[in-house]
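Asks: The sequence and its predicted three-dimensional model are supplied below.
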Amino acid sequence: MELLAYAAFFLTIALTYAIMCLGLNVQWGQTGLFNVGIAGFVGLGAYVSAALTTPDAAERIGGFGLPIAAGWLAAMIAGGVLALLVGLLTLRMRSDYLAITTFGIAVALQLVFQNAESLTGGAFGMAFIPRPFAGLQGQSFAFNLVNLALTVAVVAVVYLLLEHLLRSPWGRALRAVREDEVAAQALGKNPVLLRIQAFALGGAIMALAGAVQAHFIGFIAPGNYLPMMTFQVWAMLIVGGSGNNRGAVLGAVLVWAIWALSGALISEVFPADQQARAASLQIVVIGVMLCLILLWRPQGILPEVRSVSRHLGRRNKDT
Amino acid sequence: MNPQAIIDGLISGSTIGLGAIGLTLTYSILRFANFTHGDFLAWGAYLTLTVAGVLGGLAAGLGAPVYPFSFGWGLPLAVLGGVALTVALALGLDRILFGRLRARGADTIIIVMASFGASMALRSLLEFIFTAKPAYFTKALQIANPLGLGMRATPDQLLVIGLTLLLVLVLHLVVTRSATGRAMRAVSENPALAGVYGIDVGKVVRVTWIIGAGMACIAGVMAGLLVQIRPYMGFDLLLPLFAAAILGGIGSIPGAMLGGLIIGLAEAFAVQIVGAEWRAAVSFVILVLVLMLRPQGIFGQRGA
């Protein structure tokens, strides 16, 4: 029972990362946009949803006690709007300006989480974020299981929505822009507009992931949204296979498993005073892994499936 | 307003500017935003510290401070070793990672991503080897001398500003007046055409890394001397470095320096006006303003 409860807990966290990965897949996998500020978008979603749904608190603004669904929706809007603004600012320029700007967004948002105490609770973060099915909290197994089911449902909805979009004319136009911008432009597609749309959609999904995670854990602090998180999500997508939504989910679960197991191993093997130091080795391993995959298997475990349209069936499979 | 902010800004701006030179050169010649550049600063500082430790073990007299500075002859000697090792690190990374991706014809953005992964790995490796505890080149204390108008600076700080200006001047002359400099500019304009014309593109790439990593090491040592050495020092400087390079105009050495000084000054004034906790946001605000108003930067050409 204990083990099963832990497994459900583990999978739920892994699946919140899978949502981030799916969002990144719209931006990177389908459109080729490099977002180095994933942690910022995820954190924004978490904080917006938390501010709207927590009970009223004397020391900070917010605490409207709204239902969780309203928080999730607001998180998606916030993430989408932020991504839209970043897209408007940078997507007309060289591709790496987006990378630098999103990196800056994450740094700036991290400062806001830390310092805007009246909004975010500062370094101590925000507690008492309502958890879905809080009535079951006493029975950890049942609680973890229903939350797992809820997160699976969110992943499934996002996955099906994205699969549908990617096989739609819009998805085809996105890939056309990624593969050959000039040709797409000659066919009357507007590359900048398409990129901005994809970036905003991805940003909204990442913010949703942040909100889902925050409500499951019930507590957030600025330290959850460090560049480390951006890095983990990138590793997940690249390992799983960029461009492939199933790969994004698989990569998230796989890399999170590697992360959790190596963390457990470190706490077993190293003495307490050396653990913080050994934990940095985890990051080295993931960083090296990312570089090796980029060098030797850039398509990841599940490569992108080339599809033109769902109406064409199997005939169009690239051979 | 305290005029001391001007001196503080010029000092931190010198470090940022020197660091941004390497970033702007790799950006214009190798054509990618190198996220590992900040970690070259941190590695440069730690490698120099290690060399200084070894030298201090060989000859104890090297550690004794030389008046009026807080450090002895060991440090300038160690910097030479640190620069050589940082350059070796950059060239090694180019050989096993960036160069291979370039040779395969990978997209710019794949190389940017690889640099992002490598930067995480390099930084955490520093944390593993040296732990997160701050280190110092010297424990000696210095008294800040008055400079007039209510401004003060220590001899170390004045040395940093002077040395930076000298290095920038020399580099600028090398890049604008020498054959190597012309070759670098040719490659940044059009690598294929430069190759056809008989320019050794591989050599230009190496020279770019040597200058960039060398300056990064010196900037890291300066930051370490004036503040402290931490594994995350390079990461914390990365956004100011990018902002300085873009503000100055990609590819321009004087531009990177000027950009660095502007960012340093803006940070120093922001610390006085809005408070030190928002310091890191200054570079972001400047970056966004530049992208909105003049994306090519101060000295940049349109379409760059």
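Replies: Perfect, thanks for sending it.

Asks: only C-alpha atoms for contact and neighbour calcs from this point on.
Replies: Fine.

Asks: ok, B:Cys217 - contacts?
Replies: Taking C-alpha atoms under 8 Å, 6 or more residues apart in numbering or on different chains, we find B:Cys217 in contact with B:40-45, B:79, B:82-83, B:86.

Asks: Considering those residues, which is situated nearest to chain A?
Replies: Chain A lies nearest to B:Trp43 out of the contacts of B:Cys217, by C-alpha to the nearest C-alpha, at 14.9 Å.

Asks: For chain B, give me its nearest residue in chain A.
Replies: For chain A, C-alpha to the nearest C-alpha, closest residue to chain B: A:Val284, 4.0 Å.

Asks: hang on, that residue packs against B:Glu127?
Replies: No - using C-alpha atoms under 8 Å, A:Val284 is not in contact with B:Glu127, being 10.0 Å away.

Asks: So for the helix or strand harbouring B:Val271, mean pLDDT?
Replies: Using DSSP states H and E, B:Val271 sits in helix B:253-273. The average pLDDT for helix B:253-273 rounds to 93.

Asks: name the helices or strands packed onto whichever helix or strand comes after that helix?
Replies: On the C-terminal side of helix B:253-273, the closest following helix or strand by DSSP H and E is helix B:279-293. Contacts defined by 3 or more C-alpha pairs under 8 Å, 6 or more residues apart in numbering or on different chains; DSSP states H and E place helix B:279-293 against helix A:68-90, helix A:95-115, helix B:233-248, helix B:253-273.

Asks: Helix B:279-293 vs helix A:68-90, what angle?
Replies: 60 degrees (axes from the mean of the first three to the mean of the last three C-alpha atoms, to 10 degrees).

Asks: Pull the residues that contact helix B:279-293.
Replies: Helix B:279-293 is contacted by residues A:89-90, A:101, A:104-105, A:107-108, A:111, B:239-240, B:243, B:246-247, B:263, B:266-268, B:270-271, B:297 when judged by C-alpha under 8 Å, 6+ apart.

Asks: do that again at 7 Å, thanks
Replies: Outside of helix B:279-293, the residues within contact range by C-alpha atoms under 7 Å, 6 or more residues apart in numbering or on different chains are A:89, A:104, A:108, B:239-240, B:243, B:247, B:263, B:266-267, B:270-271, B:297.

Asks: Format the residues you listed as a markdown table; extra columns: distance to A:Phe219.
Replies: Converted to a markdown table, the contacts of helix B:279-293 look like this (distance: C-alpha to C-alpha, whole Å):
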| residue | distance to A:Phe219 |
| --- | --- |
| A:Leu89 | 33 |
| A:Gly104 | 25 |
| A:Ala108 | 21 |
| B:Leu239 | 29 |
| B:Pro240 | 32 |
| B:Ala243 | 34 |
| B:Leu247 | 39 |
| B:Ile263 | 36 |
| B:Ala266 | 36 |
| B:Glu267 | 33 |
| B:Ala270 | 32 |
| B:Val271 | 31 |
| B:Gly297 | 42 |
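
Asks: State the distance from the residue of the stretch 1-150 of chain B found nearest chain A to B:Val79.
Replies: Closest to chain A within the stretch 1-150 of chain B is B:Ala121: 4.0 Å, counting by C-alpha to the nearest C-alpha. According to C-alpha to C-alpha, to the nearest Å, B:Ala121 and B:Val79 sit 24 Å apart.

Asks: These two: which has the busier surroundings?
Replies: Using other C-alpha atoms under 10 Å in any protein chain shown as the criterion, B:Ala121 and B:Val79 rank with B:Ala121 on top: 26 against 22.

Asks: Tell me who's in contact with the more buried one.
Replies: A:283-284, A:287-288.

Asks: what does A:Ala211 give?
Replies: Shown in contact with A:Ala211 (C-alpha under 7 Å, 6+ apart): A:45-46, A:49, A:72, A:75.

Asks: near chain B, which of these show up?
Replies: Here nothing survives when the contacts of A:Ala211 are matched to chain B using C-alpha under 7 Å from any C-alpha of the partner chain.

Asks: Please produce JSON lines containing these, extended by pLDDT and neighbour count.
Replies: JSON lines is the format used below for those (pLDDT from 0 to 100; neighbours: other C-alpha atoms under 10 Å in any protein chain shown):
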{"residue": "A:Gly45", "pLDDT": "95", "neighbour count": "34"}
{"residue": "A:Ala46", "pLDDT": "94", "neighbour count": "31"}
{"residue": "A:Ser49", "pLDDT": "92", "neighbour count": "32"}
{"residue": "A:Trp72", "pLDDT": "92", "neighbour count": "25"}
{"residue": "A:Ala75", "pLDDT": "94", "neighbour count": "33"}
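
Asks: Return the closest of the residues you listed with respect to B:Leu55.
Replies: A:Ala46 (50.9 Å; C-alpha to C-alpha).

Asks: in terms of contact, does that closest one touch A:Ala214 like I think?
Replies: Yes - counting by C-alpha atoms under 7 Å, A:Ala214 is a contact partner of A:Ala46 at 5.5 Å.

Asks: Quickly find the element holding B:Arg152.
Replies: Using DSSP H and E, B:Arg152 falls within strand B:151-153.

Asks: Quick one: mean pLDDT for that strand?
Replies: When pLDDT is averaged over strand B:151-153, the result is 76.

Asks: Quick check: what element follows it along the chain?
Replies: helix B:155-177.

Asks: mind exporting that following helix as CSV, just the C-alpha atoms?
Replies: Presented in CSV, the C-alpha positions along helix B:155-177 are these (Å, rounded to 0.1, in the frame of the first residue of the first chain):
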residue,chain,number,x,y,z
PRO,B,155,43.6,50.4,-5.5
ASP,B,156,42.4,47.0,-6.7
GLN,B,157,39.2,48.5,-8.2
LEU,B,158,41.2,51.3,-10.0
LEU,B,159,43.5,48.6,-11.4
VAL,B,160,40.6,46.6,-12.7
ILE,B,161,39.2,49.7,-14.6
GLY,B,162,42.6,50.6,-16.0
LEU,B,163,43.5,47.0,-17.1
THR,B,164,40.1,46.6,-18.7
LEU,B,165,40.5,49.8,-20.8
LEU,B,166,44.0,48.7,-21.8
LEU,B,167,42.8,45.3,-22.9
VAL,B,168,39.9,46.6,-24.9
LEU,B,169,42.1,49.1,-26.7
VAL,B,170,44.6,46.4,-27.6
LEU,B,171,41.9,44.0,-28.8
HIS,B,172,40.2,46.7,-30.8
LEU,B,173,43.5,47.5,-32.5
VAL,B,174,44.2,43.8,-33.2
VAL,B,175,40.8,43.2,-34.7
THR,B,176,40.7,46.4,-36.8
ARG,B,177,44.4,46.5,-37.9
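
Asks: neighbouring contacts of it?
Replies: B:11, B:14, B:18, B:68-70, B:181-182, B:222, B:253.

Asks: residues of that helix that come out buried?
Replies: B:155-157, B:160-161, B:164-165, B:168, B:171-172, B:175 (16 or more other C-alpha atoms under 10 Å in any protein chain shown).

Asks: Can you tell me which of those residues is nearest B:Met257?
Replies: Of all these, B:Met257 sits closest to B:Val168, with 7.5 Å by C-alpha to C-alpha.

Asks: Find me the pLDDT at the closest one, would you?
Replies: Looking at B:Val168, its pLDDT reads 92.

Asks: Now do the contacts for B:Ala52.
Replies: B:74-75, B:78.

Asks: now the strand or helix carrying it against helix B:233-248, angle please.
Replies: Using DSSP H and E, B:Ala52 maps to helix B:37-58. Interaxial angle, helix B:37-58 versus helix B:233-248 (the same axes, to 10 degrees): 130 degrees.

Asks: Alongside chain A, which residues does the stretch 151-300 of chain B contribute?
Replies: B:239, B:277-278, B:281, B:284, B:291-292.

Asks: Could you pick out the buried ones from those residues?
Replies: Counted by 16+ other C-alpha under 10 Å, these give B:239, B:278, B:281, B:284, B:291 as buried.
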